[in-house]
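K.L.:
need coordinates for the following:
(chains A and B)
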Amino acid sequence: MPVEIDIAHVAKLARIALTPEELEQYARQLGDILEHAERVQAIATPEIPPTSHPLPMTNAFRDDEVRPSLDRSEVLEMAPDTVGEYFRVPRILGDQPEDGA
Amino acid sequence: MTDLADLTITAAGTGLREGEHTSVELLDAVIRRAAVTEAHLHAYLTLDREGARSAAEAADADFAVGVDRGPMQGIPIALKDNMCTRGTETTCGSQMLSGYRPPYDGTAVARLRSRGAVVLGKTNLDEFAMGSSTENSAYGETRNPWDSSRVPGGSSGGSAAAVAAGSALGAFGSDTGGSIRQPASLCGIVGMKPTYGLVSRYGLIAFASSLDQIGPLSKSVEDAALMLEAVAGHDPHDATSYRGEYPEIGSGLGTGIAGLRVGVVTELVGDAIDNEVLQATRSMIEALAGAGAELVELSLPSFEYALSAYYLIAPAECSANLARYDGVRYGVRRDGSTTEEMMAATRADGFGPEVIRRVLLGTYALSAGYYDAFYGSAQRVRTLVRREFAAAYEQVDVLVSPTSPTTAFPIGERAADPIAMYYSDVCTIPSNLAGDPAISVPVGLDSQGLPIGFQVMAPALGEATLLQVASEVERLADFSARATLATSQAELP
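P.N.:
Residues are numbered from 1 along each chain as shown, chains lettered A, B, ... in the order given. Okay, here's the model as predicted:
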């Protein structure tokens, strides 16, 4: 059985504005892919620890040295919109209160 | 006389040091080749002729005064367009990064430049390296040099096509689930994914950080070793780059395989593999036995689940990594009355369908209520895959399989069916999940004249043994056929 998902909610979490037709298409495709993916649940029993990373390392520290960073003007030159030394964006708050998603 | 564009890096390097040709002559030869093949292949997104010429002239000037920075000096190479090159457009095959000129070189790129390599250009890829055919590029597909109606594989399809056609002597790509090995297999060349952490990921545009690894695509196993040696090494800019003692890389080349134990993975030589690919794989396995290897048939049952686990883990990591494309700091921006609307419009327009599919899939798999069932389960399967590999390497030195279940497929054939496309990576994904090195070596052609690749896998940091076996596979296969497009060009006056 394809997995049923609330695609509009997922698209909102991912910050991707999709049309109703696109949402319907992605819901179907993801449902099929997740149906395959559900197979992993058959062998992933709770006593098996998860692996998040192939190298057994924790807390990879480096020396705390002062060194040059990227050139600010070169970095800002690649931004869509800037003002002075800052990135500029449209207003942050909308007319409606956020729904908490 | 051999066209210089057809030389291996090893042979070109010998000629440079013996005064048979200059770096500028090598560069001119590959540019001439590209001038003919690019109209059919579209392997490159950017050709930097001027920058390459300056680098070639600098290499020749160094040779003239006896300065030798190693095997990459004066060699014209190509880089996948997800490797950041200072001042040269780096698009990742995405509309999102159209016009993006990175303010820095990635570590692998910087190391290649400091060793005198000549970077000719940036090669095409599936958008953000997500795909197995290079059809997902926002800038049009790349075609296979053996048959231009077919895909070159992916996601490093541009790098593979360039090397197979002779429009670069070697190229670098990245491999997250097979993206170096599968296109190398489909284009009849060598492609290697090193041990995770051996090559710094600093300046490699991130797809799935626990899986991504830079590696070489080349005309020979020896070239792959030289290319890897030039970029491997700890990098303070990448906290996940390996810190321990570095393994020997090319020490086993050409030493034969007498007494080595070679494991054949039952799950990767079954019904799912195309018959001709299977036959070529089986005859190479027999040839290895004839050359003195001890064969062991091994079952690794978790491999049946590796593909499903990968298509949860990689999208989950991608959904986090691609959150940075929000129209604020770099890349394109679309209008919106608020920042959130601007971001959602930018991402809908800047990303292509496969990238959106994977971002949505990963967002879902990580979201509240579904995390344990999907992402958590996939991480547990990753543990099983690692355990089964470890147990197998108690019994054998290397494992072997086909690289790809099929040879190059027609353009468009799998474009509308994501699951069929994902299946292209079934043999290559386990090594990424484990973080182990693996390589594809061409072993023959099918009845349609399309190349077949043979995969060798080794435990982490087992590069020397991996390349030892790969060089024996290369010797036994004696694969000398060349891509039709390169051959027809060589016959031009």
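
K.L.:
quick one: residues contacting the residue in chain A positioned nearest to chain B.
P.N.:
Relative to chain B, the nearest point of chain A is residue A:54 (2.5 Å; C-beta to the nearest C-beta). Using the backbone N, CA and C atoms, a C-beta is placed for each residue, glycine as well. Residue A:54 makes contact with B:196-197, B:210, B:386, B:433-436, B:460 under the criterion C-beta atoms under 8 Å, 6 or more residues apart in numbering or on different chains.

K.L.:
among these, name the buried ones.
P.N.:
By neighbour count, with 16 or more other C-beta atoms under 10 Å in any protein chain shown, the contacts of residue A:54 hold B:196-197, B:210, B:386, B:433-436, B:460 as buried.

K.L.:
near chain A, from these?
P.N.:
B:196-197, B:210, B:386, B:433-436, B:460 (C-beta under 8 Å from any C-beta of the partner chain).

K.L.:
filter these down to the ones in helices?
P.N.:
In this view, those that belong to helices under DSSP state H are B:386, B:433-434.

K.L.:
still on that earlier bit, can you list the buried ones among the contacts of residue A:54 in JSON lines and add pLDDT and distance to residue B:483?
P.N.:
Compiled in JSON lines, those are given as follows (pLDDT from 0 to 100; distance: C-beta to C-beta, whole Å):
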{"residue": "B:196", "pLDDT": "97", "distance to residue B:483": "31"}
{"residue": "B:197", "pLDDT": "96", "distance to residue B:483": "33"}
{"residue": "B:210", "pLDDT": "96", "distance to residue B:483": "34"}
{"residue": "B:386", "pLDDT": "97", "distance to residue B:483": "37"}
{"residue": "B:433", "pLDDT": "98", "distance to residue B:483": "32"}
{"residue": "B:434", "pLDDT": "98", "distance to residue B:483": "32"}
{"residue": "B:435", "pLDDT": "97", "distance to residue B:483": "32"}
{"residue": "B:436", "pLDDT": "98", "distance to residue B:483": "29"}
{"residue": "B:460", "pLDDT": "96", "distance to residue B:483": "33"}
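
K.L.:
which residues of chain A fall in strands?
P.N.:
Counting by DSSP state E, chain A has strands at residues A:82-83, A:86-87.

K.L.:
format the ones you listed as a markdown table; extra columns: distance to chain B.
P.N.:
What follows is the strands of chain A, written out as a markdown table (distance: least, C-beta to the nearest C-beta, whole Å):
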| stretch | distance to chain B |
| --- | --- |
| strand A:82-83 | 10 |
| strand A:86-87 | 5 |
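
K.L.:
now these in a markdown table, with mean pLDDT and mean neighbour count?
P.N.:
Converted to a markdown table, the strands of chain A look like this (pLDDT from 0 to 100; neighbours: other C-beta atoms under 10 Å in any protein chain shown):
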| stretch | mean pLDDT | mean neighbour count |
| --- | --- | --- |
| strand A:82-83 | 96 | 12 |
| strand A:86-87 | 96 | 12 |
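
K.L.:
can you redo the ones you listed as TSV with distance to residue B:86?
P.N.:
Listed next are the strands of chain A as TSV, based on distance: least, C-beta to C-beta, whole Å:
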stretch	distance to residue B:86
strand A:82-83	20
strand A:86-87	21
